[in-house]
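Chemist: A predicted structure for the sequence below; I have some questions about it.
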Amino acid sequence: MAVSAGAQTDAAFAGPLAVAALLRARELSATELVELHLARIERLNPQLNAFRVVLAEQALAEAAALDRLRASAPEAGGPLAGVPIAVKDDMPMAGQRMTHGSRSRAPLQSADAHALARLREAGAIPIGITNVPELMLFPWTASAANGVTRNPWDLSRTPGGSSGGSAAAVAAGLVAAAGASDGGGSIRIPAACCGLVGMKPSRGRVSAQPLGEGWLGLSSYGALARGVSDSAALLDAMHGALEADEARCAPPRGSFLAAARTEPAVPLRIAISRALPVGTLAWLSADQRLAWERTARLLAELGHDVQEADPDYGLVALEFIQTYLRAAHEAFRTVEEPSVAERSTRQLAAMGGRVVSARRRDALLARRAQTAQRIGALWERFDVLLTPGLASTAIEAEGAYGRSAAAALDRAARFMPWFPVWNLTGQPAISIPAGFGGDGLPLSVQLVGRHGDEELLYSLAGQIEAQRPWTAVRPALAET
């Protein structure tokens, strides 16, 4: 069937749920949809550098198989049947190399990650693997292996990291959604940079198999999407623990999608805070502070009980950085060719081994529950915490790429100080758009909930989105 250029662009930005509905209604075939996205990748990826590899032949074959199946069984397939997605380069995919953004040799993977297998079971079609910084170490996406990935809102700025390629692809309409992971903000940072919704699930909500808990339990798999309901639908598809998973969440009470489409049943007690953990040096830009204040006012206007209250952070920033450095050290030990690693990667790995001994590592892990309990005491009085997202809009595309590890750590810490805490505590946290700054780039805020309570965060985020919709706004680049 013939589809106009305008309709094609609209389909590229429709989001997973709407795209799946178009396919069920036979307004598009799965093959046409994949071809549409492949054409957009061919046209826009040279400017963005979102993808490390594009799986055109494989994606077209899967789309054709779905079309044949639906010719005789129109309702066949799961809730995401035919939806083109991207996969981050830290999520195993059968038959593909998982390079972690490195020039080092990487073996072919024998099986999909459990989270990816769940997305496939829901009907999603992987269309490519996205770029990351080496070993997912930084909140920008630039590497010696694959170059600099750029933000579709402004090519001179970063899409964030480490899920930067995934965010750039979704924001530019190259895919409907993308897999991601978050060990210190790596879902929420790119979401904030690119005007997307990024949920870091609770520790244990999404299986980490076959790799096991990443980054000493800091990292969680998740996804990036343009809207709240789409993000919720992706988590519905991905969540679930296996027996091999050490940390587990209680099953959700219902579906995350249903929660996203239902306003909170009662006025919520919402704490608002822009306090920084002790030892963190950062400056909140005027635009980002205004976005946080506007969101707090909106929540009060919606009838919620909004009060200023700060978490008892203590020395959580010191605990996080030590855990991060030790995790970098341990990740580096798995690299087949350490000599080809970037200078900052080698420096961070050496720092982690020198500063955080194996004994210190074990002490940090043993202390984690106590730290989480102290910080989590805020949720005895409140239901949700609202913080700023990033300290500023997206920084320069290169970030601190090519600089020393110390300089890179300083640049990162000043950029995203409100995100890493929740990787340590294991609580769910979601970044949502909050308008645009004076530079025309997306602004962001973060909502944090009790462990295992993604449903409440989705419900509140959906209520905010209904009051100030953002999915219809697209980067000018993506309209070309």
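Modeler: Yep, it's here. Numbering: from 1, shown residues only.
Chemist: what stretches of the stretch 201-350 of the chain score poorly on pLDDT?
Modeler: 246-247 (pLDDT under 70).
Chemist: For it, which segments count as strands?
Modeler: All strands of the stretch 201-350 of the chain, identified by DSSP state E, counting those that start in this stretch, fall at 220-225, 269-272, 305-308.
Chemist: Point out the most buried one among those strands.
Modeler: Greatest average neighbour count among the strands of the stretch 201-350 of the chain goes to strand 220-225 (a mean of 31), per mean count of other CB atoms under 10 Å. Placement of C-beta: from N, CA and C, glycine included.
Chemist: Quick one: distance of that strand to the chain centre.
Modeler: 4 Å (CA atoms, centre = their mean, to the nearest Å).
Chemist: do stretch 14-32 as well
Modeler: Relative to its chain's centre, stretch 14-32 lies at 24 Å (CA atoms, centre = their mean).
Chemist: residue contacts, the residue minimising distance to the centre of the chain?
Modeler: In the chain, the C-alpha nearest the mean C-alpha coordinate belongs to I187, at 2.2 Å (CA atoms, centre = their mean). Neighbouring residues of I187 by CB atoms under 8 Å, 6 or more residues apart in numbering: S163, A180, S181, G198, M199, K200, G222, A223, L224, S431.
Chemist: Poorly predicted segments of the stretch 1-150 of the chain, please.
Modeler: For the stretch 1-150 of the chain, the stretches with pLDDT under 70 are 1-7.
Chemist: Tell me where it has helices.
Modeler: Ranges of helices within the stretch 1-150 of the chain are 5-12, 16-24, 30-48, 56-72, 114-121, based on DSSP state H, counting those that start in this stretch.
Chemist: And the residue nearest to the centre of the chain, how close does it get to A171?
Modeler: Distance, I187 to A171, using CB to CB, to the nearest Å: 14 Å.
Chemist: what does A291 give?
Modeler: In this view, A291 and A171 are 18 Å apart by CB to CB.
Chemist: Out of the helices of the stretch 1-150 of the chain, the one nearest G254 is which?
Modeler: helix 16-24 (16.6 Å; CB to CB).
Chemist: and the closest one with helix 56-72, angle?
Modeler: 60 degrees (axes from the mean of the first three to the mean of the last three CA atoms, to 10 degrees).
Chemist: What lies in contact with helix 16-24?
Modeler: Outside of helix 16-24, the residues within contact range by CB under 8 Å, 6+ apart are 11, 14, 28-30, 33, 70, 74-75, 79-85, 123-124, 176-177, 225, 229-230, 233-234, 257.
Chemist: Whichever of those end up buried, select them in PyMOL.
Modeler: This is the PyMOL syntax for the buried subset of those, where burial follows 16 or more other CB atoms under 10 Å:
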select buried, resi 11+14+28+29+30+33+70+79+80+81+82+83+84+85+123+124+176+177+225+229+230+233+234+257
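Chemist: Do you have the helices of the stretch 351-480 of the chain handy? List them.
Modeler: Per DSSP H, counting those that start in this stretch, the stretch 351-480 of the chain carries helices over the ranges 358-376, 405-415, 421-425, 454-467.
Chemist: Need the winner for burial among those.
Modeler: Ranked by mean neighbour count, the helices of the stretch 351-480 of the chain are led by helix 421-425 with a mean of 26 (mean count of other CB under 10 Å).
Chemist: Who are the packing partners of it?
Modeler: helix 316-332, helix 358-376 (3 or more CB pairs under 8 Å, 6 or more residues apart in numbering; DSSP states H and E).
Chemist: and of those, who's closest to E454?
Modeler: helix 358-376 (15.5 Å).
Chemist: could I get the strands of the stretch 201-350 of the chain as a markdown table with distance to E213?
Modeler: As requested, the strands of the stretch 201-350 of the chain are exported to a markdown table (distance: least, CB to CB, whole Å):
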| stretch | distance to E213 |
| --- | --- |
| strand 220-225 | 9 |
| strand 269-272 | 29 |
| strand 305-308 | 35 |
